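Novice: what follows is a protein structure lacking sequence information:
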């Protein structure tokens, strides 16, 4: 009859007979630990209090930060003045590009349509303009500098 | 270098690195083998041993010396091992026995047990114990740690530890005798 196994009769070992670690493992381990410690050092304080929190608290904190950031960005951004945004955007387009666009489009716009006569509009007396002779009109037009009157 | 001297030097920023290096050299083998007995694989034991010493570095300044440095290190290493095994079980949805089976497979792949059938059977029986009971068994059987010190490491009463060890021994003997009745 076989003898039943009894632990106190079994030869005791200092640790289980597992394969030993690689050669020089314990010589190199302190250096590797020091490298990890030095690498972890800069962010230590920042992470310290975060890691001390439990996972649900960290998740809740992250949600509050994200929602707070969103709310702050909405509240703090200046509201655009109604009606001014289109005019402001149009004002940023260079004049030459705008003229090229209008002339190239199918709107049948000509240089004459785009002409500005600010000086003429203010300088001409209404009554003389309404009853002006052909010569007077021609003289007034000739008096306008071409580069100012036309684009 | 004595523990007190290591601690004193660690508190001085000028000698902190030297003191910590001495601490690692002094306790690395005990920590490594304590961890290795729990996780079996060298790679896992290597990672966990480094994690233990990184935690020691981060908290040594606040170590209050209620317990000895040796006991404190064992406690950190023990918690790391139990967390590692628990997270592994949670990550892969493994029941208790499957982690034991995985550790047994690693053990069988280890050539150093080839030819020693009784020892292999004993190790398989030990790996079937629940993690905490296996921890108690290792501390008592292999490290021959006094029960009072084990109580400090595990935070369990001496009476509960004695009972746990006694039951562990009975389970191991029963497993070896029932699984391999021809021995």
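Specialist: Cool, got the structure. In this text the structure is predicted, and so the values were computed from the model without any measurement.

Novice: ends of stretch B:121-133, how far apart?
Specialist: End-to-end distance for stretch B:121-133: 18 Å, by Cα to Cα, to the nearest Å.

Novice: cool, stretch B:148-162 as well?
Specialist: Taking Cα to Cα as the criterion, the two ends of stretch B:148-162 lie 10 Å apart.

Novice: pLDDT on the helix or strand encompassing residue B:33, on average?
Specialist: Element membership for residue B:33 (DSSP states H and E) is helix B:16-39. Averaged over helix B:16-39, pLDDT sits at 94.

Novice: assign residue B:67 to helix, strand or coil.
Specialist: coil (DSSP: H, G, I helix; E, B strand; the rest coil).

Novice: after the worst-scoring helix or strand of chain B on mean pLDDT, next one along is what?
Specialist: Lowest on mean pLDDT, DSSP states H and E among the helices and strands of chain B sits helix B:96-109, with a mean of 66. Once helix B:96-109 ends, the next helix or strand along the chain (criterion: DSSP H and E) is helix B:117-127.

Novice: and that following helix with chain A, contact?
Specialist: Yes - contact between helix B:117-127 and chain A, assessed by Cβ under 8 Å from any Cβ of the partner chain, occurs at B:118, B:119, B:121, B:122, B:123, B:126. Any C-beta I mention is one placed from the backbone N, CA and C, and that applies to glycine too.

Novice: how about the contacts made by the last one?
Specialist: Applying Cβ atoms under 8 Å, 6 or more residues apart in numbering or on different chains to residue B:126 gives the contacts A:16, B:134, B:137, B:138, B:172.

Novice: next one: the second one from chain A, what distance?
Specialist: For residue B:134, the distance to chain A (Cβ to the nearest Cβ, to the nearest Å) stands at 11 Å.

Novice: okay, now that residue: neighbour count?
Specialist: 20 (other Cβ atoms under 10 Å in any protein chain shown).

Novice: give me the neighbour count for the closest residue to residue B:39 other than its chain neighbours.
Specialist: Leaving out its chain neighbours, the residue that sits closest to residue B:39 by Cβ to Cβ, 6 or more residues apart in numbering or on different chains is residue B:45, at 5.5 Å. When neighbours are defined as other Cβ under 10 Å, residue B:45 has 23 of them.

Novice: these two touch, right, residue B:45 and residue B:35?
Specialist: Yes - because the distance of 4.7 Å satisfies Cβ atoms under 8 Å, residue B:45 is recorded as touching residue B:35.

Novice: quick one, what contacts the residue nearest the centre of chain B?
Specialist: Centroid-nearest residue in chain B, with Cα atoms, centre = their mean: residue B:34, separated by 3.4 Å. Contacts of residue B:34 were listed using Cβ under 8 Å, 6+ apart, and they are B:74, B:77, B:78, B:81, B:138, B:143.

Novice: which secondary structure element contains the first one?
Specialist: Of the helices and strands defined by DSSP H and E, residue B:74 is found in helix B:69-91.

Novice: so does that helix get close to chain A?
Specialist: No - Helix B:69-91 lies apart from chain A when judged by Cβ under 8 Å from any Cβ; the minimum separation is 12.2 Å.

Novice: helices or strands up against that helix?
Specialist: Judged by 3 or more Cβ pairs under 8 Å, 6 or more residues apart in numbering or on different chains; DSSP states H and E, helix B:69-91 is in contact with helix B:3-11, helix B:16-39, helix B:42-59, helix B:96-109, helix B:131-137, helix B:147-154.

Novice: format the ones you listed as CSV; extra columns: distance to residue A:144.
Specialist: As requested, those are exported to CSV (distance: least, Cβ to Cβ, whole Å):
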stretch, distance to residue A:144
helix B:3-11, 91
helix B:16-39, 87
helix B:42-59, 84
helix B:96-109, 96
helix B:131-137, 99
helix B:147-154, 102
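
Novice: so what's residue B:169 closest to, chain neighbours aside?
Specialist: Closest to residue B:169 by Cβ to Cβ, 6+ apart is residue A:7, at 5.3 Å.
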